[in-house]
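Student: sharing a model prediction with you, sequence too.
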Amino acid sequence: MSAAPVVIDSAEVLHGLVGVELGPSRPLVVTQERIDAFADATGDHQWIHVDPERAADGPYGGTIAHGYLTLSLVSGLSDDLFVVELGSARINYGVDRARFPSPVPVGSTLRASCTVVDVVDRDSSWLVTYRFTMQVEGQDRPACVVDKLSLILA
């Protein structure tokens, strides 16, 4: 079972988390239904994702999740790792780097972990860089590693 999320309720707590690994999150099973819904939402219907019959003969022996689907799951799983109660709003500021070192086969169980890499004090805000790692249960290489930037407004 995952630990309770860390509550970030002050600038001191936020700065104190630099270099600290949080997680892992609860497990999340990647279903074909989720993959298909993502394909419908994005228009990316590549056979490796949505055609189980064809994908069975493909390089992974079945369908795999889109890399951007795996990346998008970071936001929901981050709630298991930390809760920001600092400031008035939290805004996605972007990503500096996203990599997909290994596939996420349908039926895989994912977990997220996160390290606070940097906190930059700005006028009435904090720019936070989080390094998220999405790990498939039973795989050595991560499925996704991303440096996600978040702006916390005072």
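Tutor: Okay, I see it.
Student: quick one: the strands in this structure, in order.
Tutor: In the chain, the strands defined using DSSP state E lie at 6-8, 21-22, 28-29, 82-84, 89-99, 109-122, 125-136, 144-153.
Student: of all those strands, which one is nearest residue 43?
Tutor: strand 89-99 (19.7 Å; CB to CB). Every residue, glycine included, has its C-beta placed from N, CA and C.
Student: direction included, what does that closest one pair against?
Tutor: With DSSP bridges as the test, strand 89-99 is paired with strand 144-153 (antiparallel).
Student: which residues sit against the strand it pairs with?
Tutor: Contacts to strand 144-153, defined as CB atoms under 8 Å, 6 or more residues apart in numbering, come from residues 14, 67, 70-71, 74, 84, 86-101, 117, 124-134.
Student: tally of neighbours for the nearest residue to residue 70 once chain neighbours are set aside?
Tutor: Ranked by CB to CB, 6 or more residues apart in numbering and with sequence neighbours excluded, the top spatial neighbour of residue 70 is residue 144, at 4.6 Å. Here the number of neighbours of residue 144 (other CB atoms under 10 Å) works out to 26.
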